[in-house]
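S.K.: sequence first, then the predicted structure:
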Amino acid sequence: MSVEAHANWIGGRHVSAPSHYSVVNPATEEAVGYAPESRDGDVSAAVGAAREAYGSWARVEPRRRAAVLERIADLIDAHAKDLVPLVQAETGATMRVASTMQVPTAADRFRRYARGALEPTVVPLGPHPVGASALAPAGLIGAAAVRRPAGVVACITSYNFPIVNLAGKVAPALAMGNTVVAKPAPQDPLGCLELGPLFQEAGLPDGVYNVITGSGAAAGEALVAHPDVDMISFTGSTAVGKRIAESAGRRMARTLMELGGKGAAVVLPDADDRALKSAVMAVGSTWSFHSGQICTAPTRVLVHRSQYEQVVAGLKHYASALTIGDPVDNSTVVGPLISAAQRDRVEAYVAGAVEQGARLVAGGERPAIKPGFYVAPTLLADVRPDMTVAQEEIFGPVVVALAYDTEDEAVAIANGTPYGLYDYVFSADSARAWSLASRLRSGNVGINTAQRHPETPFGGFKESGVGRDGGSFGLHAYSELQSVVWPS
Ligand code: NAD
C-alpha cells in the first residue's frame, strides 16, 4: 500500500488542502497516509456544493436514486480488495472484522437503502368532516403527511467502523433525497475519502456527496455552525454530542445523535447453563470485537450473588483464551486500540479502579507486543456501582463485574449511569427477561444474545442520544414531515 497524501472530495472532484496530517496504523505506528487539514474555506466549499446539488437530487425519481445506491453497493464490493487493507490499516481491525464487518456491511447498507428510496413517502390520512369556520366552508377535508428530505446533511462520525458508520448515515440520507457533507473521524478517514470517485462512477451527481477531513475539532465545528447545513447526523461521544446540540440549537438545525454507551448485561439468577454460556460469550465480545471500541458493548456484567463467582471464573477463562496481536495475522482476536492516547486512557481507568478497591481478575498489564497500542482483555471484579469504571465509558477491552442481591437492585445499577444505549438480559425464562426489559432505560435490549437485527430502530435513551437510525426508522430520520390538506 503506498503512503499517499489524500484530498478532500468536494463537488465531484479531488480538492487538495495546503496541509495534511498523518493517519497512523495502530498496529505498526507508521503512517498509512496523509489526510487533508481542512480550513473554513474547504468546509464552506463542501456545504456550497451540497446546497447547489440539493434542488435537483431531491427531485430525482426515487427509482433512479435506488439504482445509483445499488451501483454504489456493487462498486464497494468490487473494490473490497483495496478498501479492506486500507480500512484495516487505519482502524487496526482484525482480519475477521475488517473483511466481514467493515467493507461488506457498508455495501449492505447502500443496498438496503436502495430499497429505502422506493419506500412510500406519503402517509395517507382519512377524510375528516369539518364545520364551517372563519377559515373555510364546511365539508370533508382530505390530507396526507408527506416525507420531504431534510436538505443538506452534515454526517460527522466516530472512529472504529469508518465506512460502515458513514454508510449508515449517507445511504438513508441520499435515498431520501438529501445531499451530504461527511466529516469522518480524524483517526480513520482515508477509506471515506476513497469513496468519492466510486460514488461518481455509480452515477451520483457531483456535489451530492462531499467529504472533508481534519485532525482536530475545527472542521466539524465549522460544519455544524454553517448556516446552510439543515441537519447534523452525529455519531460520537456524549461530550461532543452536547457541544454539537448546543451549536445546532442556536439555529434550530435538525439533529440525529448516536452517542456513548455503558451497556449492562444483567444475568438473572434463573440463568441455566445455556443462558450463562450466552452471557459469557456476549460479555466476552467486549474483548474480542474491535478491542471493546464499540458503543454497544456489554461492558458491565451484573450477576446475582449466587452465581457471581461462577460467571467471573467463566469470563476469566474466556479472556485467557483470546490471542492478542497483529491484526493482519488471521489468528488474532484482540488487536490494538486506535491510538497511544486511547491506550493510555484505558490503562488509567484500570489503575484507578484497582486503587478504588476493584479486584483485577484478568489483564492489567501492557502486552509485550511492539510496535502497536495494545491493551490485554481486562476483567475487574468486586466493582461497586459508584466507581468511575462502572460509570464512565472506557471504550476499550475492559469488563467490570458487579454483584446484586435483588432484581430491583440489578435494575437500579443497570439504569444508574447517564447512558442508555444497549442493555442485555440473560435468563432461562424469556418472559421474565422480556418483563425486565421494560424496566431498563435503554434504547436496545438483547435477550440471551448480542446478535443484531438490521431492521430495528437503533439509538439511545438519556445521554446516549436523540433519534433513531436503522431500517426504515433510519430513512425517516432524514426527512421532514409536510402535511398537505385539500377539500374533497
Ligand atoms: P468523538 O466524539 O471524540 O468524535 C466524533 C467525531 O466528532 C469526530 O469526527 C470528531 O472529529 C468530531 N468532533 C470532535 N469535536 C467536535 C466538535 N466540537 N464539533 C463537531 N465535530 C466534532 O468520538 P470518538 O472518540 O471518535 O468515538 C468514540 C465515541 O463514539 C464513543 O463515545 C462511542 O460510544 C461513540 N460511538 C457511538 C456510536 C453509536 O451509534 N451510538 C457508534 C460508534 C461510536
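M.R.: Everything's here; your move. Everything quoted here is computed from the prediction, not taken from an experiment. Numbers count the residues shown, from 1 in each chain.
S.K.: from here on, just use CA atoms for contacts and neighbour counts.
M.R.: Will do.
S.K.: right, and residue 406 touches residue 304 too?
M.R.: Yes. Contact criterion C-alpha atoms under 8 Å: residue 406 and residue 304 qualify, at 7.5 Å.
S.K.: who's more crowded, those two?
M.R.: residue 304 (22 against 13; other C-alpha atoms under 10 Å).
S.K.: which other helices and strands contact the lowest-mean-pLDDT helix or strand in the chain?
M.R.: The weakest-scoring helix or strand in the chain, judged by mean pLDDT, DSSP states H and E, is helix 95-97 (a mean of 93). If you count contacts as 3 or more C-alpha pairs under 8 Å, 6 or more residues apart in numbering; DSSP states H and E, helix 95-97 packs onto no helix or strand.
S.K.: how long is stretch 383-401 end to end?
M.R.: Terminal residues of stretch 383-401 are spaced 6 Å apart (C-alpha to C-alpha, to the nearest Å).
S.K.: buried stuff in it?
M.R.: 383-385, 388-391, 393-401 (16 or more other C-alpha atoms under 10 Å).
S.K.: those residues in helices, which ones?
M.R.: Secondary structure from DSSP state H places 388, 389, 390, 391 of the buried residues of stretch 383-401 in helices.
S.K.: check contacts around the last one.
M.R.: By C-alpha atoms under 8 Å, 6 or more residues apart in numbering, the residues touching residue 391 are 262, 385, 416, 417, 418.
S.K.: out of those, which is most surrounded?
M.R.: Neighbour max across the contacts of residue 391 (other C-alpha under 10 Å) = residue 262, 29 neighbours.
S.K.: hmm, that residue is touching residue 295, no?
M.R.: Yes. Counting by C-alpha under 8 Å, residue 295 is a contact partner of residue 262 at 7.5 Å.
S.K.: shared neighbours of the two, anything?
M.R.: residue 421.
S.K.: and the next helix or strand past the top strand by length along the chain?
M.R.: Determined from DSSP state E, the single longest strand within the chain is strand 139-149. Using DSSP states H and E, the helix or strand that follows strand 139-149 in sequence is strand 152-156.
S.K.: what's the next secondary structure element after that following strand?
M.R.: helix 162-175.
S.K.: pull out the buried positions in that following helix.
M.R.: Quick answer for helix 162-175 (16+ other C-alpha under 10 Å): 162-175.
S.K.: quick one, helices of the stretch 51-200 of the chain?
M.R.: Remark: helices assigned in the stretch 51-200 of the chain by DSSP state H, counting those that start in this stretch are 62-78, 80-91, 95-97, 103-116, 162-175, 190-201.
S.K.: close to the ligand: what parts of the stretch 51-200 of the chain are there?
M.R.: 156, 157, 158, 159, 183, 184, 185, 186 (C-alpha under 6 Å from any ligand atom).
S.K.: right, and the fifth one touches residue 216 too?
M.R.: No. At 11.1 Å, residue 183 does not count as touching residue 216 under the criterion of C-alpha under 8 Å.
S.K.: out of the two, which sits in the busier spot?
M.R.: residue 183 (25 against 13).
S.K.: give me every residue that touches that one.
M.R.: Contacts for residue 183 (C-alpha under 8 Å, 6+ apart) come out as 154, 155, 156, 157, 211, 212, 213, 219, 220.
S.K.: so which of those is the most crowded?
M.R.: Using other C-alpha under 10 Å as the neighbour test, the contacts of residue 183 are led by residue 213, with 34 neighbours.
S.K.: wait, that one sits on residue 39?
M.R.: No. Using C-alpha under 8 Å, residue 213 makes no contact with residue 39, being 9.3 Å away.
S.K.: between those two, which contacts overlap?
M.R.: In terms of C-alpha under 8 Å, 6+ apart, residue 213 and residue 39 are both contacted by the residues residue 219.
S.K.: show me where pLDDT drops low in the protein?
M.R.: Low-confidence segments of the chain, defined by pLDDT under 70, are located at 1.
S.K.: care to break it down by domain?
M.R.: Taking automatic domain parsing as the criterion, the chain consists of the domains 8-259+463-487, 264-455.
S.K.: the residue of the stretch 251-400 of the chain found nearest the ligand: how many residues sit nearby?
M.R.: Nearest residue of the stretch 251-400 of the chain to the ligand: residue 260, at 3.2 Å (C-alpha to the nearest ligand atom). Residue 260 has 28 neighbouring residues, counting by other C-alpha under 10 Å.
S.K.: my read is that it contacts residue 236, right?
M.R.: Yes. Taking C-alpha under 8 Å as the definition, residue 260 is a contact partner of residue 236 at 6.6 Å.
S.K.: can you tell me the SS state at residue 266?
M.R.: At residue 266 the chain is in strand, as set by DSSP: H, G, I helix; E, B strand; the rest coil.
S.K.: residue 453 too?
M.R.: Assignment for residue 453 (three-state DSSP): coil.
S.K.: just the one 3 residues further on next, same as before
M.R.: Under three-state DSSP, residue 456 falls in the coil class.
S.K.: right, and residue 65 touches residue 117 too?
M.R.: Yes. In this structure, residue 65 is within contact of residue 117 by C-alpha under 8 Å, at 6.5 Å.
S.K.: got any residues that touch both of those two?
M.R.: Common neighbours of residue 65 and residue 117, using C-alpha under 8 Å, 6+ apart, are residue 175.
S.K.: please, which helix or strand holds residue 330?
M.R.: Assigned by DSSP H and E, residue 330 belongs to neither a helix nor a strand.
S.K.: mind checking how far it is from residue 114?
M.R.: Per C-alpha to C-alpha, residue 330 is found 33 Å from residue 114.
S.K.: neighbour-wise, which of those two wins?
M.R.: residue 114 (28 against 11).
S.K.: so how far is residue 416 from the more buried one?
M.R.: Counting by C-alpha to C-alpha, the gap from residue 114 to residue 416 is 40 Å.
S.K.: also residue 171?
M.R.: With distances taken as C-alpha to C-alpha, residue 171 is found 35 Å from residue 416.
S.K.: same question for residue 366.
M.R.: Residue 366 sits 30 Å away from residue 416, going by C-alpha to C-alpha.
S.K.: quick check: phi and psi on residue 411?
M.R.: Main-chain torsions, residue 411, degrees, to the nearest 10: phi -60, psi -40.
S.K.: what residues does it make contact with?
M.R.: By C-alpha under 8 Å, 6+ apart, the residues touching residue 411 are 439, 440.
S.K.: what's the separation between it and the ligand?
M.R.: Using C-alpha to the nearest ligand atom, to the nearest Å, residue 411 is found at 21 Å from the ligand.
S.K.: could you do residue 167 as well?
M.R.: Distance, residue 167 to the ligand, using C-alpha to the nearest ligand atom: 12 Å.
S.K.: cool, residue 227 as well?
M.R.: From residue 227 across to the ligand, the span is 14 Å (C-alpha to the nearest ligand atom).
S.K.: for residue 316, which non-adjacent residue is closest in space?
M.R.: residue 362 (6.0 Å; C-alpha to C-alpha, 6 or more residues apart in numbering).
S.K.: who's in contact with that neighbour?
M.R.: Contact partners of residue 362, counting by C-alpha under 8 Å, 6+ apart, are 316, 319, 320, 377, 378, 379, 380.
S.K.: pretty sure residue 187 sits against residue 90.
M.R.: Yes. With contact defined as C-alpha under 8 Å, residue 187 reaches residue 90; the gap is 7.1 Å.
S.K.: which neighbours do these two share?
M.R.: Counting by C-alpha under 8 Å, 6+ apart, the contacts common to residue 187 and residue 90 are 23, 24.
S.K.: for residue 90, see how far away residue 304 is.
M.R.: Counting by C-alpha to C-alpha, the separation of residue 304 from residue 90 is 41 Å.
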